[in-house]
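Q: the following block contains a protein sequence and its predicted model.
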Amino acid sequence: MSAECKRIKSVIWMNHPAVEDESKSQWERDFYGWNSAYPIGNGSVGAMVYGSPDLDQLQLNEETIWYGNEGRNRVNPKAKDSWKRVRQLLLEGRIKEAVSLEESDLYPIPDQQRHYDTAGSIYIKTDAEDYSDYRRSLDLEEAICSVSYKSGGHSYRREYFVSSPDRVIAFRHESLDGGLVNAVVDFSRRDERTFKYELSEYGLDIYTKQPEGGCTYLISVACEAEGGVAIFKERSLEIYDCPAFTLYIAIRSDYHGEDIKSWCRSALLGACESGYEAVRARHISDYKSYFDRAELSLDGEDYSAEPTDVRIKKAGERLDNSLSKLYFDFGRYLTISSSRPGTKPANLQGIWNKDRFPAWGSKYTININAEMNYWHTEKCNLSDCHMPLISHLKTMLPYGKKVARDMYGLDGFVAHHNTDIFGDCAPQDSCITATIWPMGAAWLSTHIWTHYEYTLDREFLKEYLPILKEVCLFFTEYMFEHDGRLLTGPSISPENSYIHPSGECGQICVGPTMDSMIIRDVFEACIKASELLGDEDSLTDKLKAMLPRLPRPEIGKYGQIMEWYEDYEETEPGHRHISHLYGLHPSSQITLEKTPELFRAARVTIERRLASGGGHTGWSRAWIINMWARLKDGEKALENINALFTHSTYPNLFDMHPPFQIDGNFGGAAGIAEMLLQSQGGVILLLPALPKDWQSGFVRGLKARGDITVDISWENGRIAYARLTANKGGLMRLSVPEGYGEPGISEISNDSPYTVTLENGGITVAKN
């Protein structure tokens with residue numbers, strides 16, 4: 001690539017450990033404690049590194065440690081006979097009566113799904129009470145956290161990572177110049193769960209049993225001491241006069257239905273037999289096989305010599321392009337560390353959670369948050385990391401079909417605004433603005449078609465087409481005709497409220513704009529997939545007949561996209577959800593080329609939201625970045641990236657909802673990618689929303705729909721070089737930038753894989 005940019009290594013670092021000071025307020029403890037710690041993970045096991053030399057803390061998680069178990073039917077038995085009555089009351093404008101009936105007959109019993117849990121912490125106490133020259137860093141390019149410091153006249157280094165190949169957390173402490181360490185590692189647990197400690201052939205096993213039918217899980221620990229003495233006791237490990245030692249930690253729950261002791265034993269003995277350097281090398285090689293697929297570089301001042309938490313504080317005062325690059329890389333790092341092939345999906349906190357009862361249960365919230373977690377995966381060349389979310393639909397399917405029958409008396413597959421590790425699809429909570437929303441499975445299933453568009457994997461599509469059909473089947477029976485259109489209801493526009501002409505405040509409604517847009521995407525995906533695979537049937541015919549009767553987005557009295565079927569006033573104009581712009585992003589139903597009036601109205605909608613205080617949560621701000629990118633306004637997109645840094649980012653770069661939710665990190669990374677490459681509507685756009693402050697740079701390894709890998713280099717805001725590789729051949733429709741032939745849309749086709757190159761004012765096409 002021709003653009004010359006200084007390559008800045010992607011490292012997050014601070015010059016102080018994360019410390020939870022009991023004398024501080026809870027907010028300060030969270031901000032400078034857990035939300036200053038660094039996350040490490042291998043997709044299923046995670047840890048937060050505090051890094052204090054004298055009393056270090058590793059807070060542990062494993063993706064399947066959830067409270068409770070599967071098999072519950074929480075559907076309100078009254079729902080089947082009442083939901084249509086709620087709909088009728090809404091049509092008659094009798095909002096209070098509809099709400100009263102909804103609360104008594106539709107809300108679930110009990111109202112809570114299962115929630116995610118923590119595996120607790122281990123503490124490593126040493127004699128390094130007086131230390132200096134401290135540095136704690138997280139290398140995003142190798143997925144290794146390290147701590148260095150001086151104490152007692154010697155230099156020490158610690159490393160932490162979670163290996164996917166070896167299935168262990170590795171912690172190594174060593175002196176760099178002959179110093180010796182004394183340490184006590186505390187494994188004790190103190191809460192209402194039941195714990196059992198057993199000394200083993202390799203170290204220590206800690207069994208944990210949750211109350212009331214929750215899972216059992218095992219934390220197993222082994223130690224390699226290089227000199228000195230290491231002694232395991234019932235709840236601790238004591239180390240004396242040791243120049244270096246390594247801990248290996250394996251965690252497994254009985255969710256997997258196997259012998260968890262044998263699993264942990266195998267992992268620990270394998271790591272011990274290999275030795276630290278071999279385990280470390282395998283970890284780096286495995287991680288880089290994901291991370292190195294893409295790279296971003298932005299020209300500008302290099303502030304990497306400053307601690308990252310300081311850079312975040314200064315983000316609103318100066319241009320720090322490499323912080324945007326760091327945030328982009330951090331989003332990819334978090335994905336690789338929390339959502340690998342074969343693991344569970346990343347939940348509201350990825351896999352990192354310190355609480356027994358986390359906010360919102362740290363579940364899969366599927367009215368935006370879980371979907372946002374995966375917006376960047378395809379375009380950032382991490383399609384395989386997208387699969388845990390998509391495969392979770394298989395877990396949900398039997399429960400979703402049962403909920404459709406038990407709650408609505410209908411066929412097909414339905415889910416509401418949350419699900420859990422067991423695939424619960426019944427409504428969640430007793431919340432008037434969120435609970436009764438039957439679109440969860442539908443929105444998730446749009447990811448099936450998105451994954452196909454980026455990979456062109458026909459076998460995958462064949463495997464998941466039955467799920468698309470079950471989702472569509474539900475809506476063919478659930479939707480009803482009104483004014484010649486097919487509407488949903490009862491439903492909501494998550495999680496907003498409106499003012500009815502009667503003066504009543506309402507939430508549940510019929511025909512919210514988002515519902516129709518999601519259903520359009522699902523119907524069209526099902527039709528296209530059925531045609532492509534030669535699997536058309538009577539359902540396909542029915543969907544084709546219903547599509548023209550779905551409402552299109554309409555423009556309201558303020559020039560905005562209407563959020564509801566009627567042009568209601570909002571009770572909260574700055575609401576965090578912007579559900580009625582689903583058609584702009586992540587969908588592509590609203591575009592400048594095909595729907596210019598709606599495109600302009602979408603801009604008005606965002607401007608009204610922001611003028612009233614919108615974007616006040618991290619994930620909402622991240623969604624807004626993506627929307628500005630789709631509106632091709634790079635200046636506004638960058639303005640909102642900076643707002644994400646200054647108002648919604650913790651010292652360790654975690655997204656601040658508040659509290660921490662990981663969706664803002666993933667949505668922010670998606671927004672940065674969206675500014676550089678778009679491929680919706682069948683056309684590939686290069687640098688569609690490049691801000692003037694990103695004057696020069698390059699990006700390589702992004703993906704466009706059609707399984708096309710894209711590298712772009714630009715100088716002074718203009719493309720200097722681009723290479724688009726069609727990995728499976730086919731047709732590429734490229735929006736040709738100025739200076740490369742006739743501006744406009746250029747169709748390039750070839751039966752075999754081929755590469756299109758833009759350079760020196762010309763376009764060349766070559767077979768691979």
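A: Received it, and whenever you're ready, just let me know what you need.
Q: what's near enough to touch the nearest residue to residue 525 once chain neighbours are set aside?
A: Residue nearest to residue 525 in three dimensions, not counting chain neighbours: residue 449, with 3.6 Å by C-beta to C-beta, 6 or more residues apart in numbering. From N, CA and C alone the C-beta is placed, and that goes for glycine too. In this structure, residue 449 makes contact with 468, 521, 525, 528, 529, judged by C-beta atoms under 8 Å, 6 or more residues apart in numbering.
Q: hang on, residue 449 in a helix?
A: Yes. Going by DSSP: H, G, I helix; E, B strand; the rest coil, the assignment for residue 449 places it inside a helix.
Q: if I look at it, how far off is residue 468?
A: Counting by C-beta to C-beta, to the nearest Å, the gap between residue 449 and residue 468 amounts to 8 Å.
Q: go on, residue 209?
A: 40 Å.
Q: residue 483 now?
A: Relative to residue 468, and taking C-beta to C-beta, residue 483 is found at 28 Å.
Q: between these two, who's got more neighbours?
A: The neighbour count for residue 483 versus residue 468, taken as other C-beta atoms under 10 Å, is higher for residue 468 (26 against 8).
Q: just checking, what packs against the helix or strand harbouring the more buried one?
A: Assigning secondary structure by DSSP states H and E places residue 468 in helix 458-478. In terms of contact count using 3 or more C-beta pairs under 8 Å, 6 or more residues apart in numbering; DSSP states H and E, helix 458-478 is assigned the packing partners helix 383-403, helix 440-455, helix 513-533, helix 538-546.
Q: out of the ones you listed, which one sits most buried?
A: With neighbours defined as mean count of other C-beta atoms under 10 Å, these peak in mean count at helix 440-455, which reaches a mean of 23.
Q: may I have stretch 398-413 as PDB, with CA atoms only?
A: What follows is stretch 398-413, C-alpha atoms only, in PDB (Å, rounded to 0.1, in the frame of the first residue of the first chain):
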ATOM      1  CA  PRO A 398     -37.400 -25.900  20.600                       C
ATOM      2  CA  TYR A 399     -38.200 -23.400  23.400                       C
ATOM      3  CA  GLY A 400     -39.300 -20.800  20.900                       C
ATOM      4  CA  LYS A 401     -41.700 -23.200  19.200                       C
ATOM      5  CA  LYS A 402     -43.200 -24.100  22.500                       C
ATOM      6  CA  VAL A 403     -43.700 -20.500  23.500                       C
ATOM      7  CA  ALA A 404     -45.400 -19.800  20.200                       C
ATOM      8  CA  ARG A 405     -47.900 -22.700  20.900                       C
ATOM      9  CA  ASP A 406     -48.300 -22.000  24.600                       C
ATOM     10  CA  MET A 407     -48.500 -18.200  24.600                       C
ATOM     11  CA  TYR A 408     -50.100 -17.500  21.200                       C
ATOM     12  CA  GLY A 409     -51.600 -20.800  20.000                       C
ATOM     13  CA  LEU A 410     -49.600 -20.400  16.800                       C
ATOM     14  CA  ASP A 411     -47.000 -22.400  14.800                       C
ATOM     15  CA  GLY A 412     -43.400 -21.300  14.200                       C
ATOM     16  CA  PHE A 413     -40.600 -19.900  16.300                       C
END
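Q: return the helix or strand in the protein with minimum mean pLDDT.
A: When the helices and strands of the chain are scored by mean pLDDT, DSSP states H and E, helix 26-32 comes last with a mean of 78.
Q: let me see the contact set for residue 329.
A: Applying C-beta under 8 Å, 6+ apart, we find residue 329 in contact with 10, 140, 141, 291, 296.
Q: rerun at 10 Å
A: Residues touching residue 329, when contacts are defined by C-beta atoms under 10 Å, 6 or more residues apart in numbering, comprise 9-12, 140-141, 291, 294-296, 380, 653, 669, 672.
Q: which SS class is it?
A: Taken by three-state DSSP, the conformation at residue 329 corresponds to helix.
Q: which residue, neighbours along the chain excluded, lies closest to residue 661?
A: Beyond its immediate neighbours in the sequence, the residue positioned closest to residue 661 (C-beta to C-beta, 6+ apart) is residue 348, lying 5.3 Å away.
Q: quick one: low-confidence parts of the protein?
A: Using pLDDT under 70 as the threshold, the predicted model of the chain has low-confidence ranges 1-5, 192.
Q: quick check, central residue of it?
A: The structure's the chain has its C-alpha centroid closest to residue 373; by C-alpha atoms, centre = their mean the separation is 1.9 Å.
Q: so that one makes contact with residue 382?
A: No. Contact criterion C-beta atoms under 10 Å: residue 373 and residue 382 do not qualify, at 11.7 Å.
Q: possible to save the helices and strands packed on helix 458-478 as TSV with distance to residue 250?
A: TSV is the format used below for those (distance: least, C-beta to C-beta, whole Å):
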stretch	distance to residue 250
helix 383-403	21
helix 440-455	32
helix 513-533	41
helix 538-546	47
